[in-house]
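>>> below is the structure, and that's it, no one-letter string:
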């Protein structure tokens, strides 16, 4: 787990760092805007990433005039963009012209098959659909 994702702040400390009242953090948690980790006793523990998100929520609300439903949607879309960027980066790591075949496995995920000579056999055995094959 990265340092910025380590739960380390109790609600009062996180509220101070974000410049908010603790009750605001509780409301945001109920709304699903920022969901901190919980201790065994159900106490909230905020990470540095959570505090940064709280600050962004405050900025969008106060400076941009976005309502909480809009902020929630913005945060969801940003999260989706980050997930897709990680997938693109992962796929780029496997691209070597003339050496890779990309397929979709049974779950619909894109996977790379390393060697074209084996790719035909692997694709046939897995039942995957070839999405792209480099020209020979």
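Okay, I see it. Not measured: the values here are computed from a predicted model.
>>> distance-wise, check residue 26 relative to residue 19.
From residue 26 across to residue 19, the span is 16 Å (Cβ to Cβ, to the nearest Å). The C-beta positions use only the backbone N, C-alpha and C, and glycine is treated the same way.
>>> I should have written residue 104 there, sorry.
Note on residue 104: its distance to residue 19, by Cβ to Cβ, is 46 Å.
>>> gap between the biggest helix by length in the chain and the chain center?
Counting residues, the longest helix found in the chain (DSSP state H) is helix 68-94. Its chain's C-alpha centre and that of helix 68-94 lie 6 Å apart, by Cα atoms, centre = their mean, to the nearest Å.
>>> and that helix, what does it pack onto?
helix 48-62, strand 110-113 (3 or more Cβ pairs under 8 Å, 6 or more residues apart in numbering; DSSP states H and E).
>>> buried residues, that helix. List them.
Residues 71-72, 75 are the ones in helix 68-94 that count as buried (16 or more other Cβ atoms under 10 Å).
>>> between these, which is nearest residue 82?
Taking Cβ to Cβ as the measure, residue 82 lies nearest residue 75 of the buried residues of helix 68-94, at 10.7 Å.
>>> residues contacting the closest one?
Residue 75 is in contact with 33, 53, 56-57, counting by Cβ atoms under 8 Å, 6 or more residues apart in numbering.
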